[in-house]
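S.K.: The following block contains a protein sequence and its predicted model.
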Amino acid sequence: MNGEFFFPIQLSILVACMAAAVSLILSVLAAYRTVMTDGRGSSILETVYLLPLVLPPSVLGFLLLFIFGMNSPVGRTVELLFGQTILFSKSAAVIAAVIVAFPLMYQSVKTGFAEVNGDIVGASKVDGASNWKAFYHVVLPLAKKSIVMGVILGFTRALGEFGATLMFAGNIPGKTQTISTAIYVALESGESHLAWKYAGVSISLSFLLLFLMKGLDGRRD
């Protein structure tokens, strides 16, 4: 096996790690806001957060092309500032992975925040803790298992992203080709043995991560 074989695996893991990190920050902020506020506005926002779970990958890819394409305001601004486009780049693969990973992570993090006893948070504020300190020292530690499980779910989903990535980041060998797109190309080329190798790597990684998550779930108080 040469470097060409390992590149999609390395890129997929890198993209999944970056997507998980970005999604973690976004999901923590979004979930805490949802739990702490009520009303129609929150319901609409939460619907937007979860929309990528039900939209077809082709629709997600089209929307990403529309928002970040070369003729869009965002695309033109990036090209003007950095001299390059987001389209068909590793950054595009990360963005696509964030879009599909965020909803799963958000759901898990929100569940963890909702399970935190409000009396404990209130008691910390009575003792003089600010909202930030109560969140950082009380809410986050109590919800850490749900957060970790969300990260695992988000990472696993980002690792296997295909449709939006293919449309937005493309399938450029040595640049944007991930495990999923490599399997697609291998099957199109009649190289089923190569497709099986990539599929085996993907299944193994996903199995290990989900097995770890199951272990964490079994140890929840």
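M.R.: Looks like it arrived, so ask away. Numbering: from 1, shown residues only.

S.K.: From here on, just use CA atoms for contacts and neighbour counts.
M.R.: Noted.

S.K.: Just give me the longest helix of the protein.
M.R.: In the chain, taking DSSP state H as the definition, the longest helix is helix 3-36.

S.K.: Only the buried residues of stretch 161-179, if you could.
M.R.: For stretch 161-179, the neighbour count (16 or more other Cα atoms under 10 Å) marks 161-171, 176-179 as buried.

S.K.: Tell me the buried residues in the lowest-mean-pLDDT helix or strand in the chain?
M.R.: When each helix and strand of the chain is scored by mean pLDDT, DSSP states H and E, helix 118-126 comes last, with a mean of 75. Residues Val121, Ser124 are the ones in helix 118-126 that count as buried (16+ other Cα under 10 Å).

S.K.: do you know how far the spatially most central residue of the chain is from Phe135?
M.R.: Closest residue to the average C-alpha location of the chain: Ala101 at 2.6 Å, with Cα atoms, centre = their mean. Distance of Ala101 to Phe135, computed by Cα to Cα, to the nearest Å: 24 Å.

S.K.: re the thing from before, and the longest helix of the chain, how far out from the chain's middle?
M.R.: 4 Å (Cα atoms, centre = their mean, to the nearest Å).

S.K.: What is it packed up against?
M.R.: Applying 3 or more Cα pairs under 8 Å, 6 or more residues apart in numbering; DSSP states H and E, one finds that helix 3-36 contacts helix 90-114, helix 144-159, helix 179-188.

S.K.: could I get those as JSON lines with mean pLDDT and distance to Leu205?
M.R.: Output for those, formatted as JSON lines (pLDDT from 0 to 100; distance: least, Cα to Cα, whole Å):
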{"stretch": "helix 90-114", "mean pLDDT": "94", "distance to Leu205": "16"}
{"stretch": "helix 144-159", "mean pLDDT": "93", "distance to Leu205": "8"}
{"stretch": "helix 179-188", "mean pLDDT": "94", "distance to Leu205": "11"}
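
S.K.: and those as CSV, adding distance to Tyr198?
M.R.: Shown next, in CSV, are these (distance: least, Cα to Cα, whole Å):
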stretch, distance to Tyr198
helix 90-114, 18
helix 144-159, 12
helix 179-188, 6
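
S.K.: Any buried residues in whatever helix or strand comes next after the least confident helix or strand of the chain, and which?
M.R.: Toward the C-terminal end, the helix or strand that comes next after helix 118-126 (DSSP states H and E) is helix 131-134. By 16+ other Cα under 10 Å, the buried positions in helix 131-134 come out as Ala134.

S.K.: rewinding a little: with Gly75 as the reference, name the closest of the helices and strands packed on helix 3-36.
M.R.: helix 90-114 (11.2 Å; Cα to Cα).
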